Structures are given as structure tokens and as C-alpha cells.
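**Student:** this is a predicted model, with the sequence first.
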Amino acid sequence: MQRRQFMLISGGTLLTIMSGSFFNNGIATTRRSEIKAIVFDAFPVFDPRPIFGLVKSTFPAHPGFGKAWFNKIFAYTWLRTSGDRYLDFLSVIGQALDYTAEAHGETLTPDSRKALLDIWFTLKPWPDVGVALEQLEARQIKLAFLSNFTEDMLRTNARNGSIETRFDYLSTDLARAFKPSQKAYALGTQHFGMPKENIAFCAFAAWDAAGASWYGYPTVWVNRLGQKPEHLNAGKITQGRNIEILNNYISANKVQERA
């Protein structure tokens, strides 16, 4: 009987270790790797709403123009990646704009086209970003953008918000493949030289959250617009409506790591 009890206890302990779980006050929890770095999509940090505002004033007769333009932008990034025809994101934005204008029966003037492209360089951080970044820096968390934006787009917008020195800059130009290509997400692990389990990905769009989860990043979705999650068999994604969810996630992660 003692031998049988020992084997049962030992077997249970082994299974617990293999699964990464342990019991804390009788409650089964999961041990996670400590988050040491965060890679951000651009839009959890930069507010894109001025783009839609300019579109609305430029094309008042077409209330769906902005949404159609964004949909075409990302359709083009996915097509170019799958077809191995990479082009930088600003060029893709321009091509998508030309298509959307034509599809809506509009003729873009040189000035209106320039304004609709230039506004991508004048974005400001969301109001909650400054405090969140200070908290993350106090935790000594390394920060980087991992975005389809070109490095110039990222740096210019970060400079607009006086946060340029807080980030490293990983544009998909470095991989010549747009997200959700695994080559694009791998830029984070290559840059920081640490396992993906130690790097959280901060997403803005539902599809990007799914893609980061597929790659294996602990994924935090700052769902500012209240989107529905994609049905893409993604792994666990932590979701919140503002960037505070990042600090909450890291705090919970550290508690479980110490337990």
C-alpha cells in the first residue's frame, strides 16, 4: 500500500511538473515565464482616428470609404506576403487608396492624395499611453514596436508624442513579409535574443492577436474598438479595452512566477 501511494504521488507530481502547473492553497494554477520585453503593434500606441476624420471630410458622400480603404490595405499586405511581392507599407497604403478612390468613383487630386498619406506621419499616442510606458519602464521591461509601419513612420509618430527614445523599432521591412507571417513575428525573438515566452505581444486588431498567438507569444489584445475575436483557433489571448491591461497582465504573471 505504501509503495502504491508513493507511485501515485510521484506520478501526480511528475504530471504537474510536465504540465507547468502547481497547487497554491489547493488551487491549481499555471506557471508562466516572466515577461521581460513587449513588442507592440503601432495602433495600441498611436491613435488612428484622425485618419478616419480626414477621410470623412475628404469624401463626405462616402461614409464607408475609410473602412474600405483599411480593409484593402491589409488585404494587399496579405496578398503581397503570400505572393512574395513585398512592398513597403507606405507604398501599399497608397496603392490601396488609389483602388478605393476608383472603386468609389472618386478622383484624387495630388493635394488630397498627399494629405491622406501624410497624415499617417502625424499620429499622436492615445491618452493612456504615457503613464503605461512609465510603469513598464519602472518594471525594467524592454519595449519595441513590431509593426507593418516603416521605421520612418514609427519613429516620426513616436517623436510626435515625445516617446521616441522608449522603443526599439522593428518594421516588417526587415523581414520583407507582413504580419501575420511567422517571419515578421520572429523579428521580436531575433532582436531581443530571448525565448518567445518571455516576450509579450501587444495587438490592436483581432487578426494580429491571433497571428501573434499562433507564433507563440503571450498575447495581450488592447481591443480599443470593441472588436469581436477572430475564429482562428488561436491560443489564449488576454483582452482589455485600454493599455492598462498590459501592466495588469505582467503583474499577474509575476505573482504566478513567484508562487
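**Tutor:** Received, thanks. Residues are numbered from 1 along each chain as shown.
**Student:** and Leu108, how many neighbours?
**Tutor:** 17 (other C-beta atoms under 10 Å). In this view, the C-beta of every residue, glycine as well, is placed from N, C-alpha and C.
**Student:** and what of Ile51?
**Tutor:** 19.
**Student:** need the contact list for it.
**Tutor:** Shown in contact with Ile51 (C-beta atoms under 8 Å, 6 or more residues apart in numbering): 66, 116, 119-120, 123.
**Student:** drop anything exposed from the residues you listed.
**Tutor:** Among the contacts of Ile51, those scoring as buried are 66, 116, 119-120, 123 (criterion: 16 or more other C-beta atoms under 10 Å).
**Student:** hmm, Leu232 is touching Trp207, no?
**Tutor:** Yes: at 7.5 Å, Leu232 and Trp207 qualify as touching, with contact defined as C-beta atoms under 8 Å.
**Student:** domains in this structure, by residue range?
**Tutor:** 37-47+126-258, 49-121 (automatic domain parsing).
**Student:** first-to-last residue distance for the shortest one?
**Tutor:** It stands for domain 49-121. One end of domain 49-121 sits 13 Å from the other (C-alpha to C-alpha, to the nearest Å).
**Student:** do the same with stretch 195-212
**Tutor:** Terminal-residue distance, stretch 195-212 (C-alpha to C-alpha): 14 Å.
**Student:** what distance do you get for the residue positioned nearest the centre of the chain to Pro48?
**Tutor:** The residue lying closest to the centre of the chain (C-alpha atoms, centre = their mean) is Ala203, at 2.5 Å. Using C-beta to C-beta, to the nearest Å, Ala203 is found at 14 Å from Pro48.
**Student:** just Asp98 next, same as before
**Tutor:** 20 Å.
**Student:** higher neighbour count, those two?
**Tutor:** For Asp98 and Pro48, the more surrounded residue by other C-beta under 10 Å is Pro48, and the numbers stand at 18 against 13.
**Student:** and that one, what is it in contact with?
**Tutor:** Residues near Pro48 by C-beta under 8 Å, 6+ apart: Leu123.
**Student:** and if you look at Ser147?
**Tutor:** Counted by C-beta under 8 Å, 6+ apart, Ser147 has contacts 40-42, 154, 170-172.
**Student:** can you do 10 Å?
**Tutor:** By C-beta atoms under 10 Å, 6 or more residues apart in numbering, the contact list for Ser147 reads 39-43, 45-46, 89, 153-154, 169-173, 178-179, 184, 187, 204, 208.
**Student:** just those residues: which are in helices?
**Tutor:** The helices, defined by DSSP state H, take in 89, 153-154, 184, 187, 208 from the contacts of Ser147.
**Student:** of all these, which comes closest to Ala132?
**Tutor:** Leu154 (17.5 Å; C-beta to C-beta).
**Student:** so the closest one sits against Arg166, correct?
**Tutor:** No: Leu154 is not in contact with Arg166 according to C-beta atoms under 10 Å; the separation is 11.8 Å.
**Student:** quick one: which of those two has more around it?
**Tutor:** The neighbour count for Leu154 versus Arg166, taken as other C-beta under 10 Å, is higher for Leu154 (27 against 17).
**Student:** now for the more buried one: which residues touch it?
**Tutor:** 40, 42, 45-46, 89, 121, 144-148, 164, 167-171.
**Student:** tell me the predicted confidence for it.
**Tutor:** Per-residue pLDDT puts Leu154 at 98.
**Student:** report the separation between it and Asp173.
**Tutor:** Distance from Leu154 to Asp173, by C-beta to C-beta: 10 Å.
**Student:** can you pull out the strands in this structure?
**Tutor:** 21-24, 27-30, 37-40, 142-147, 168-171, 199-203, 219-222, 237-240 (DSSP state E).
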